[in-house]
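Participant: build me a structure from this.
(one chain, ligands or ions: 1)
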Amino acid sequence: MKLLEGKVALVTGAARGIGKAVALKFAAQGAAIAFTDLVIDDNAKATESEIAALGVKCKGYASNAADFGDTARVVEQIAADFGRIDILVNNAGITRDGLMMRMTEQQWDMVIGVNLKSAFNFIHALTPVMLKQRAGSIINMSSVVGVHGNAGQSNYSASKAGMIGLAKSIAQELGPRGIRANAIAPGFIMTEMTDALSDEVKADWAKRIPLRRGGTPEDVANVALFLASDLSSYVSGQVLQVLVGFSKIRLGLSKGRGGLQSFRQARMATVAPERGHWQVCEKTTAGSNRQN
Ligand code: NAP
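Facilitator: Below you'll find the model as predicted:
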């Protein structure tokens with residue numbers, strides 16, 4: 001018997017990266033998969049086919065996770081298409097890194113909207129469905145920087161700390177109705193999000209990790225599988241870090257020993273606001289951005 005046989009999982013932002021790995025892992029364990037992404041383009045369609053090839057029902061839905069109304073609409077559609085929703089993985093996430101003194105209101109609002117409000121949107125829309133089932137597992141994709149903080153990522157860290165508080169509160173609120181909520185806090189995971197960092201920064205990272213390597217999306221998916229399945233039926237309100245072993249770790253923005261100065265010289269990743277996609281910039285000490 002597969003671990004998720006007969007269950008339906010909804011994963012947000014799963015056309016690629018960690019979300020895709022989670023969806024594939026769940027499908028391999030028998031779950032039907034509904035996933036969302038900003039647009040269902042060729043890449044999302046390919047993900048849909050890859051998941052369906054594992055012999056489960058799978059459908060990708062276009063939705064902006066940060067939008068309350070859009071989320072209510074898509075959850076209603078998924079519940080109608082699949083009949084039930086047992087597992088929710090709030091995975092959609094972006095970064096808009098920068099020092100506080102230079103951070104714009106837009107950078108702050110976008111990150112909080114996509115990373116944190118999205119989780120509220122989906123949990124809010126799914127609560128009636130899960131209450132009716134008297135069962136459910138909610139997984140919030142947080143980050144180690146949500147636990148430890150990180151210079152240059154105050155917006156991202158705050159959003160990811162919020163994901164932890166949200167999971168812990170929902171665990172208390174909905175636990176008596178059989179619904180569990182937990183958070184996963186990945187460290188350095190090799191995806192397009194971290195591809196934007198220079199090789200030097202990545203090598204520096206690896207040196208600080210006890211296992212001396214970055215994690216893979218599958219490493220995170222394995223933990224998500226544990227939290228989604230009945231193997232964790234007595235686990236709720238918890239945060240699982242995957243993996244950080246240092247009390248003070250600068251997550252990629254800083255080149256190493258220096259503080260602000262080396263941070264300024266570090267290669268930074270940012271997102272083109274109009275598209276919501278990554279572009280890589282070289283941030284110099286003079287503060288100018290050079291797009292790669
Ligand atoms: P990724 O490769 O950039 O993938 C993010 C996914 O989210 C993409 O499919 C993206 O869609 C989607 N997305 C972005 N904005 C969205 C929105 N408004 N509505 C719906 N979907 C949206 O990132 P990742 O590395 O797999 O990260 C996945 C999650 O893990 C994020 O929450 C991230 O913060 C967290 N995390 C990652 C790491 C790491 O080292 N990679 C570490 C800790 C935590 P498009 O394809 O349309 O852009």
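
Participant: in this structure, which helix or strand is least confident?
Facilitator: Within the chain, confidence by mean pLDDT, DSSP states H and E is lowest for strand 289-291 among all helices and strands, at a mean of 24.

Participant: which residues does the spatially most central residue of the chain contact?
Facilitator: Nearest to the geometric centre of the chain sits residue 91, at 3.2 Å (Cα atoms, centre = their mean). The neighbourhood of residue 91, defined by Cβ atoms under 8 Å, 6 or more residues apart in numbering, consists of 11-14, 18-19, 22, 141. The way it works is simple: take the backbone N, C-alpha and C, and place the C-beta from them, glycine included.

Participant: what segments of the chain are strands?
Facilitator: Taking DSSP state E as the criterion, the chain carries its strands at 8-11, 32-37, 58-62, 87-90, 136-141, 179-186, 239-242, 267-272, 277-283, 289-291.

Participant: what lines up beside the first one in the sheet?
Facilitator: I take that to be strand 8-11. Paired strands of strand 8-11, with direction, are strand 32-37 (parallel), strand 87-90 (parallel) (DSSP bridges).

Participant: circling back: and the residue nearest to the centre of the chain, how far is that from residue 9?
Facilitator: Residue 91 sits 11 Å away from residue 9, taking Cβ to Cβ, to the nearest Å as the criterion.

Participant: shared neighbours, the two?
Facilitator: If you check residue 91 and residue 9 against Cβ under 8 Å, 6+ apart, no residue is contacted by both.

Participant: and residue 95, how far is that from the ligand?
Facilitator: The gap separating residue 95 from the ligand is 7 Å, by Cβ to the nearest ligand atom, to the nearest Å.

Participant: can you tell me the closest non-neighbouring residue to that residue?
Facilitator: Excluding the flanking residues, the one nearest residue 95 by Cβ to Cβ, 6 or more residues apart in numbering is residue 156, at 5.2 Å.
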